[in-house]
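J.: build me a model from this:
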Amino acid sequence: MNLNMEAIKNFDFERFQASVRNLDPERIGSWPLPFRVAVWVLIALVIVVGGYELLLSSEFDQLKVARDQEVTKKSDYEAKAFKAINLNLYRKQLADMENSFGTLLRQLPKEAEVPGLLEDITQTGLGSGLDFDSINLLPEKKKEFYAEDPINIKVKGDYHAFGSFVSGIAALPRIVTLHDFHISPVGARIPGDNSPPLLSMEILANTYRYLDSSGSGDKPGNSKGGAHP
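T.: Coordinates of the predicted model:
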C-alpha cells in the first residue's frame with residue numbers, strides 16, 4: 001500500500017501527456033506495452049459490446065417473450081386444470097340451477113290456472129275476514145318470456161284483516177306480488193266504539209304467466225263483480 005502511494009506521488013502527469021502526444025497511430029506496434037494493452041482491452045470491449053448488440057440482444061428479447069408466454073400458458077393451464085377438477089361440481093351446480101329455474105317456472109300459472117288463482121286469492125281474503133267489493137283481471141302485459149296478469153282488488157276490513165290477507169297471499173304456491181295500496185276509512189267513527197275502524201283497501205296484485213317459445217296463449221277472461229261471503 002505504501003509502494004502504491006509512493007508511485008502515485010512520483011507519477012509525472014506532464015510526462016505521461018507528452019508520451020501520449022508522441023504516439024504514432026500508424027505504428028501501434030512500437031507503442032509502449034501499457035498503451036498497447038489498453039488498446040487491446042478497448043478493442044476487446046468494442047467486440048464484446050458489438051457482438052452482444054448484433055447477436056445476443058435479439059436472442060435475449062426472444063427469451064423474454066418466451067418466458068412471458070410460459071407464464072401466461074401456466075396460468076391458462078392452472079385455470080383449465082381447476083375447471084377440469086371441478087367439472088362434476090359445475091355440472092351439479094348447473095343441474096341445480098336448471099331445477100330451481102324449473103321450479104320457478106312451475107310457479108307461474110298457465111292460462112287455465114289463472115281463474116283458479118283468483119279463487120285462491122278470494123278464499124284467502126275471506127279467510128282473513130275481508131269483504132270483497134270486486135276482484136277484476138286487468139289487460140295482460142306481455143314481457144320477454146312471461147306475461148303479467150294484473151288483478152285489481154277492492155276489499156273492506158280492518159288493519160288486522162289486511163295484514164292477514166297479505167301474509168296469506170305471500171304463502172300461496174303461485175307467485176303473486178302486491179302493489180299500489182290505497183286505504184281509506186269507511187264512514188265516521190261512532191263515539192265510544194273501541195272496535196277497529198272499518199277500512200276500504202284497493203290493491204293491485206300481479207301474477208305471472210309463462211309464455212311458450214311462440215309467445216302465444218289465450219288470454220284468460222275477467223272475473224268481475226267480486227266475491228262475497
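
J.: avg pLDDT for the helix ranked longest in the chain?
T.: Looking across the chain with DSSP state H, the single longest helix is helix 57-85. Averaging pLDDT along helix 57-85 yields 83.

J.: wait, is Trp40 part of a helix?
T.: Yes. Checked against DSSP: H, G, I helix; E, B strand; the rest coil, Trp40 lies within a helix.

J.: neighbours around it, how many?
T.: 11 (other Cβ atoms under 10 Å). In this view, the C-beta of every residue, glycine as well, is placed from N, C-alpha and C.

J.: pull out the buried residues from the helix or strand following the longest helix of the chain.
T.: As assigned by DSSP states H and E, the chain's next helix or strand after helix 57-85 is helix 87-106. Within helix 87-106, no residue qualifies as buried by neighbour count (16 or more other Cβ atoms under 10 Å).

J.: so helix 87-106 versus helix 57-85, what angle?
T.: Angular relation of helix 87-106 and helix 57-85 on a 0 to 180 degree scale: 60 degrees, by axes from the mean of the first three to the mean of the last three Cα atoms, to 10 degrees.

J.: with just CA atoms, put the following helix or strand past helix 87-106 into PDB.
T.: Following helix 87-106 in sequence order, the next helix or strand is helix 114-127 (DSSP H and E). Below are the C-alpha coordinates for helix 114-127, written out as PDB (Å, rounded to 0.1, in the frame of the first residue of the first chain):
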ATOM      1  CA  VAL A 114    -105.400 -18.000 -13.500                       C
ATOM      2  CA  PRO A 115    -109.100 -18.400 -12.700                       C
ATOM      3  CA  GLY A 116    -108.200 -20.900 -10.000                       C
ATOM      4  CA  LEU A 117    -105.600 -18.400  -8.700                       C
ATOM      5  CA  LEU A 118    -108.400 -15.800  -8.500                       C
ATOM      6  CA  GLU A 119    -110.400 -18.200  -6.400                       C
ATOM      7  CA  ASP A 120    -107.400 -18.800  -4.100                       C
ATOM      8  CA  ILE A 121    -107.000 -15.000  -3.600                       C
ATOM      9  CA  THR A 122    -110.700 -14.700  -2.900                       C
ATOM     10  CA  GLN A 123    -110.600 -17.500  -0.400                       C
ATOM     11  CA  THR A 124    -107.600 -16.100   1.300                       C
ATOM     12  CA  GLY A 125    -109.300 -12.700   1.700                       C
ATOM     13  CA  LEU A 126    -112.500 -14.300   3.000                       C
ATOM     14  CA  GLY A 127    -110.500 -16.400   5.400                       C
END
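
J.: who does helix 114-127 touch, helix- and strand-wise?
T.: Helix 114-127 sits against strand 131-137, strand 146-157, helix 159-170, strand 199-210, with contacts defined as 3 or more Cβ pairs under 8 Å, 6 or more residues apart in numbering; DSSP states H and E.

J.: closest one to Ile47 among these?
T.: Among the helices and strands packed on helix 114-127, the nearest to Ile47 by Cβ to Cβ is strand 146-157 (79.5 Å).

J.: average pLDDT across that closest one?
T.: 90.
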